[in-house]
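Novice: Have a look; sequence and predicted model below, questions after that.
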Amino acid sequence: MSFDPYASSRETTEGRVYSVTGGDWDELSTEIGATKEERVVVNMGPQHPSTHGVLRLILELEGETVTEARCGIGYLHTGIEKNTEYRTWTQGVTYVTRMDYLAPIFNETAYCMSVEKLLGITDQIPERAQVIRVMMMELNRISSHMVCFGTGGLELGALTPIFFAFRDRETVLDIFEEVSGLRMNMAYIRPGGVAQDVPADAVSRIREACRDMRKSFKDNETLLVGNSIWMKRTKDVGYLDLAGCMTLGVTGPILRAAGMPWDLRKSQPYSGYENYNFDVITTDTSDAYGRFLVRLGELEQSLRIIEQCCDFLDKLNGAPVMVADKKIAWPAQLSVSADGMGNSLAHIREIMGESMEALIHHFKIVTEGFRVPAGQAYAAVESPRGETGVHTVSDGGTRPYRVHFREPSFNNLQSTAAMCEGGMIADVISAVASIDPVMGGVDR
Amino acid sequence: MFGVNGSGDTSGFGGLVRVGSSSGSSERPYGSYFDEIADDLERAYPEFNDAIEAVVVQNGELTLHVNREKLEDVARILRDNPKLQFEMCLGVSGVHYPDQTGRELHAVYPLLSMTHNRRLRLEVSVPDSDPHIPTLVEVWAGNNWHERETFDMFGIIFDGHAGLTRILMPDDWAGHPQRKDYPLGGIPVEFHGATVPAPSERRSYR
Amino acid sequence: MGLEEKLPSGIMLTTVEKLAGYIRKTSLWPASFGLACCAIEMMATTTAKYDLSRFGMEVFRGSPRQADLMIVAGRLSNKMAPVLRQIYDQMAGPKWVLAMGACASSGGMFNNYAIVQGVDHIVPVDIYLPGCPPRPEMLIDAIIKLHEQISDTKLGSNRAQIIREVEAAALAAKPVHQITGLLA
C-alpha cells in the first residue's frame, strides 16, 4: 500500500479519529465499518463554497440525518469593537461600517444614533439628513437582500438568480457610488448627519433606478416563486416557529416569516420612519421559503420608501445635512470633483487663506474630535437581518470607551441547531442560507 | 469642549488615560414609562430593594443595576410578569472599568418587550477578583452565545452556563482581548525612514 | 536562413517556456476562498456586469485541489491563518496567490490583536491589490497583470536560478526601517 499523506487515522483519548482529507474511499468506509459505530461527524468549513463565508459547521450524522449541528465561528474576528476605542467618535464610523459588510449603512446609522443619543442631539439632526439616511438604508436593504438571493440560490444549485440579483445590486451600488463615493464600506453616515449632500441630479436618477428595479425584480420572482425545485429545497425546511424565535432572540425576516409583524421601523420608528407609508411583510410558514418570500416582499416596500424619500428630498432641496452645532459637525464640506471626492475648494480657500480661526477649528475637530458626555446609550435599527443594536459607553472623552454591536447575524446563527437537527444534511445548506448570516457581522 | 482640563496636558503625549464613568441613582419620577416598570417590578418582587442597587435614567433610557445574587429572579419576573413581559434579551455587552475598584467588570443586558413595546437595561457589576455572574441562558436561551462572547472578551464567568468556552478567539488564546488592561496589539508599521507605532502606543488627546 | 523560412504557412515557432506560460495563464482556476467584504466584490466580478469569464476564469473551484489561484479576499484573522495555510498547501502547483484588498495585503486599518498583518506572513504572495474593497475592475486588472507575470515565468533551471538570485537580493537588502527616503 502506498503512503498517502492526506488520509490517515490516529488514536486519541477520545478514540480513533479519521482525517478525511483525501485517500481511498473504500478503504476508509471499511475502516469506519469495523468500528461498528454509525455516528459520523462531518466538519463543514470554514472554507466551504456554501457556508456564506467562513462559517464552520460541525454536523453529527446518522446516515443522512443530522443529529447534532454545531457552529464554529470567530474565523473572521477582527477586533473592530476594540479598535474603535482608539479612534475618535467620527472615525468610529469607518470601523463599524466594515462589520456587517453587506449592510454598511445600517451599522453606521445605528452607531451614529447611539452617539447622537449620548450627545443629546437626536432631535437636532436636520430633516434632510434623516431623509437621506432612510433612503440609503432602504437602498442598502435591497442590495443586501440581493446578495442573499444570489448566494442562497447558488448554494442550492440555482445558478441563474445570482446574475439577476447582482445586476440589480450593481444598480444600487452605482447610486451609492454617486452619493458617497464608494460602493461598499462608505462611512457616509456621520454623527450629526451625513458626510455630504446627495448630488443635484442624483434624485432623478434614483427615481429612474427605482422604476428599472421594479421591473427587474420580476426576473427573480418569476424564476423562483412557485418553482418546484426551489420549493422542494426550501419549503418546510429550516423550520423555526414563533416560540423558537422568541426564546432564541431571533429578529428580522426569520421572525416575520414566523408570523410576527415586528419591525422596528414601525414599532419604534427612528430617523423619521413614521412619515413613510409602507407595509410590514409577514408569512406564517416559519420555513426557508417563507423567509425568501418575506425578503422578496420587502424589496417592493423598500422601493416605495425610496420613492417617498425622493419626494421629500425635492421638497427639502438645499436644506442642511449636518447638525448646526459647529462644535460637533464635521468642518469640511466634501464635494465630488474631477479627481474623486475631497474637500471643497471654497473650504480650502477659507481655512488656508482667509481665517486662522477656521483653520484651528478644522484642525482641532479633525484630529482631536469632539467630546461626548459620559454615559451609555443603546440604539437599534431594523437591518436586513434583524435588530442591529449598538451599546456605546462614553467616559466623556473624544473616543468611545466601549462600542458593542448586537449583531442580528450573530444572534440568529444560534438557531442553526434548532433548524437543522433531525433534518437531512442537504437541508442544512438551505436553512443556513435562509438565516442569511454575514460572517463579518457574526465575528466582528 | 476644547481647551485644557484635568492634567493640563493638551499635547496628548501623556498617554492614553481612560476614566470610567459612574453615575448615581436617579430620583423619582423617572419619567416616560419608567415609573410603571419600577412600580410593577416592586409589586411583583418583594425583595426589590435588596436586588436593585440603583435605578439610572439617562439619555431617555432606564437602567436597573442588579445585584448578581438576585439577577436570575429579577430576570424571570421581568420575563414572566404580564405587566412587564420582556420576552427578548438582546445579548450581553461587557464593559471593563479598571478604576471602579470592587466593581471592575460590568455586564449589560438590553431587554425588549414586544408586548408593551418597551426597552429596559439591566446592569450587573462584579469585582475583577471574583468575576462570577449567574447565567441567564435558562431564562433567555438566546443569551448562550452572547455570554460565551462576553466570557471570551472580558473573562466574566457565567455560572451554570452549559458550555462556557471561547467563541470568537482561538481556544488556546491567552487573555481576554477587550479588557482595558489588554493591549490593542498590532505591530509597528514600517515606512521608509520612519516607524509608525501601533495605535495603542500612540498619543492620546485627552 | 533560419528554420522559420522553411516552414509552411500557419506554423509558428516558440519556446517551451513561452508555450507553457501561455497555457498556464489562459487556464487559471481560482479557488473560491472568500473571507470578508472583498469576497463580495470578487463575486461581483464574476457576474454579468464585469464578467470574469471573458478571461476564462469564471469557474471558481470549491476544492482547493482543483484550483491554482488563491484570491485571498478579505481580512485574515489569527484563527483563520492555519486554515488558509492548509488550503494553500492542498492546492496543486504551480499555484499563485493574489492578496486582494488592504487587509490581505498589509492588515489594512486593523492593526490589532486579531488580524494577521498581511497574508504574506503565511503564504507567498504573487500580486498585491490595494483598495478597501477594490473595485471589480481593479481585481480584473490585477488578474491580467498576474497573467503577464505567469506567461513570463521561466522553467526548470532558469527558474531555480531566478529564485536563488531573488533570495540573495532580499537577504542583502536593507531593512525597510533603515531605508531613508522621502520621510527621513
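Specialist: Received it, and whenever you're ready, just let me know what you need.

Novice: Tell me if I'm right that residue A:137 and residue A:106 touch.
Specialist: Yes: the criterion here is C-beta atoms under 8 Å, and residue A:137 meets it with residue A:106 at 6.1 Å. Glycine gets a C-beta too; all of them are placed from N, C-alpha and C.

Novice: so what sits against both of these two?
Specialist: The contact sets of residue A:137 and residue A:106 overlap at residue A:381 (C-beta atoms under 8 Å, 6 or more residues apart in numbering or on different chains).

Novice: And the closest residue to chain A within chain B, how close does it get to residue A:251?
Specialist: Nearest residue of chain B to chain A (C-beta to the nearest C-beta) works out as residue B:142 at 2.9 Å. Between residue B:142 and residue A:251 the computed distance is 10 Å (C-beta to C-beta, to the nearest Å).

Novice: And residue A:60, by the same measure?
Specialist: As judged by C-beta to C-beta, residue A:60 and residue A:251 stand 28 Å apart.

Novice: how many neighbours does the residue of the stretch 151-300 of chain A found nearest chain B have?
Specialist: At 2.9 Å from chain B, residue A:249 is the closest residue in the stretch 151-300 of chain A, using C-beta to the nearest C-beta. Neighbour count for residue A:249, taken as other C-beta atoms under 10 Å in any protein chain shown: 28.

Novice: go on, residue A:394?
Specialist: Using other C-beta under 10 Å, residue A:394 is surrounded by 24 other residues.

Novice: close enough to count as contact, it and residue A:403?
Specialist: No: here residue A:394 does not reach residue A:403: they are 9.8 Å apart, not a contact under C-beta under 8 Å.

Novice: show me what contacts residue 178?
Specialist: You didn't say which chain, so I picked chain A. The contact partners of residue A:178, by C-beta under 8 Å, 6+ apart, come to A:199, A:202, A:205.

Novice: Quick check: which element contains it?
Specialist: helix A:161-180 (DSSP states H and E).

Novice: quick one: average pLDDT of that helix?
Specialist: When pLDDT is averaged along helix A:161-180, the result is 90.

Novice: quick one: buried residues of it?
Specialist: Of all the residues in helix A:161-180, those buried under the rule 16 or more other C-beta atoms under 10 Å in any protein chain shown are A:161-173, A:175-177, A:179-180.

Novice: can you pull out the strands in the stretch 301-444 of chain A?
Specialist: Per DSSP state E, counting those that start in this stretch, the stretch 301-444 of chain A carries strands over the ranges A:334-337, A:340-343, A:375-383, A:386-394, A:402-406.

Novice: how about the worst-scoring helix or strand of chain C on mean pLDDT as PDB, C-alpha atoms only?
Specialist: Lowest by mean pLDDT, DSSP states H and E among the helices and strands of chain C is helix C:3-6, with a mean of 76. Output of helix C:3-6 as PDB, limited to C-alpha atoms (Å, rounded to 0.1, in the frame of the first residue of the first chain):
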ATOM      1  CA  LEU C   3      14.100  27.400 -39.700                       C
ATOM      2  CA  GLU C   4      11.300  29.900 -40.000                       C
ATOM      3  CA  GLU C   5      11.900  30.400 -43.700                       C
ATOM      4  CA  LYS C   6      11.400  26.800 -44.500                       C
END
